[in-house]
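[1] I would like to see how this sequence folds:
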Amino acid sequence: MEAVGSDEEWAAPSLEELLPDLSQEEQLRLQNQLRESERRRKRHSKNSPPPTPSHSERERDYYYIRRVRDALRHYNARHPGGEFDVVKPLMASRVGFRDQVWFHINFWARSHSSNKIKRFFAEVHYKPSATRFVTIGSSTISDMIPIVEMCIIIEEPLCQYKRSCAFCPAHFDILHPKGCRKFVCGNDKDRIGQRLTLCDTNIGFGMPFTGWPSPAPSPNSQEEGEKRGNSELGR
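    Alright, predicted model coming up:
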């Protein structure tokens, strides 16, 4: 069982601990991201060393972990006997929609029954509570209530899933469930009518274990061409 405690106390396993427990497909995907990160470092000249990452791996995990826990709590409540524990947040994107902040996020979680690690997709948004309040410094503000629209396992093969939607750029590698209305915000069927307010999507956090911002998209990428068209939404 996942230890009960605050988000600050939670910590993901190291790359060395995690890699042997991933499926072959997830290992290959992660290794490709690490190789791309290393190539980017080598492209910097000796007179222009790569910048120091602005956030540690623990800081990026801490930023994402609340959304992941909210989503997985929802999943576990609906799958008694099939529960999972959080292993590692992957990437997330966020957008303003219906006066709330919405998140799409991928993460890894471990099955209680099989001990296998699976990738999940979750769509979570937050609304202010009318009865619950939190104190931050000298200010008291409404607590935010998580609303989980969906949290599902992304079954392999992973190549069958899209990496983008109306607000998730493909280079974030957030795999989305198939079907035009499997998720609410940014889906293919409704995105034209949805007035989305684009946010600073990942606050400078990089891909897992790389310490770098997610790689820039290729100008010839079909998915990124779709994303550029989608960016007109909400203007």
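[2] all helices for this structure, in order.
    Using DSSP state H, the helices of the chain run over residues 15-18, 24-43, 57-77, 222-230.
[3] quick one, what contacts Ile117?
    The contact partners of Ile117, by Cβ atoms under 8 Å, 6 or more residues apart in numbering, come to Leu18, Asp21, Leu22, Ser23, Glu26, Val87, Trp108, Ala109, Arg110, Ser111. Every C-beta, even on glycine, is put in place using the N, C-alpha and C of the backbone.
[4] what about the nearest residue to the fourth one once chain neighbours are set aside, neighbour count?
    What it means is Ser23. Leaving out its chain neighbours, the residue that sits closest to Ser23 by Cβ to Cβ, 6 or more residues apart in numbering is Glu156, at 6.4 Å. Glu156 is flanked by 14 other residues according to other Cβ atoms under 10 Å.
[5] numbering from 7 from now on, please.
    Right, with 7 as the first residue, what we last looked at is Glu162.
[6] wait, doesn't Glu162 sit right on Leu28?
    No: Glu162 lies out of contact with Leu28 (Cβ atoms under 8 Å); the separation is 11.0 Å.
[7] sorry, back to before: next, format the helices of the chain as JSON lines and append mean pLDDT, mean neighbour count and distance to Tyr132.
    Converted to JSON lines, these look like this (pLDDT from 0 to 100; neighbours: other Cβ atoms under 10 Å; distance: least, Cβ to Cβ, whole Å):
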{"stretch": "helix 21-24", "mean pLDDT": "92", "mean neighbour count": "12", "distance to Tyr132": "29"}
{"stretch": "helix 30-49", "mean pLDDT": "86", "mean neighbour count": "13", "distance to Tyr132": "29"}
{"stretch": "helix 63-83", "mean pLDDT": "92", "mean neighbour count": "19", "distance to Tyr132": "9"}
{"stretch": "helix 228-236", "mean pLDDT": "38", "mean neighbour count": "15", "distance to Tyr132": "23"}
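[8] determine which two of the contacts of Ile123 are furthest apart.
    Spatially, the most separated pair among those is Leu24 and Ser117, at 15.0 Å (Cβ to Cβ).
[9] strands along the chain, start to end?
    Secondary structure of the chain, counting by DSSP state E: strands at 90-103, 106-117, 123-142, 145-160, 203-204.
[10] worst average pLDDT in these?
    Taking the average pLDDT of each of these, the minimum falls on strand 203-204, with a mean of 69.
[11] sorry, back to before: turn the contacts of Ile123 into a markdown table, columns for distance to Arg49.
    Supplementary listing: the contacts of Ile123 in a markdown table, determined by distance: Cβ to Cβ, whole Å:
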| residue | distance to Arg49 |
| --- | --- |
| Leu24 | 27 |
| Asp27 | 32 |
| Leu28 | 28 |
| Ser29 | 30 |
| Glu32 | 26 |
| Val93 | 31 |
| Trp114 | 29 |
| Ala115 | 35 |
| Arg116 | 36 |
| Ser117 | 40 |
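[12] and the buried ones among the residues you listed, selectable in ChimeraX?
    Burial among these is assessed by 16 or more other Cβ atoms under 10 Å; the matching ChimeraX selection reads:
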select :24,28,32,93,114,115,116
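[13] for Met156, state which of the contacts of Ile123 is nearest.
    Of all the contacts of Ile123, Ala115 has the smallest distance to Met156: 14.8 Å, by Cβ to Cβ.
[14] skip the chain neighbours and tell me the closest residue to the closest one.
    Closest residue in space to Ala115, ignoring its immediate chain neighbours: Phe90 at 3.8 Å, by Cβ to Cβ, 6+ apart.
[15] surely that neighbour meets Tyr81?
    Yes: counting by Cβ under 8 Å, Phe90 does reach Tyr81; the two are 6.9 Å apart.
[16] could you name every residue contacting both of the two?
    Here Phe90 and Tyr81 have Phe126 as joint contacts, going by Cβ under 8 Å, 6+ apart.
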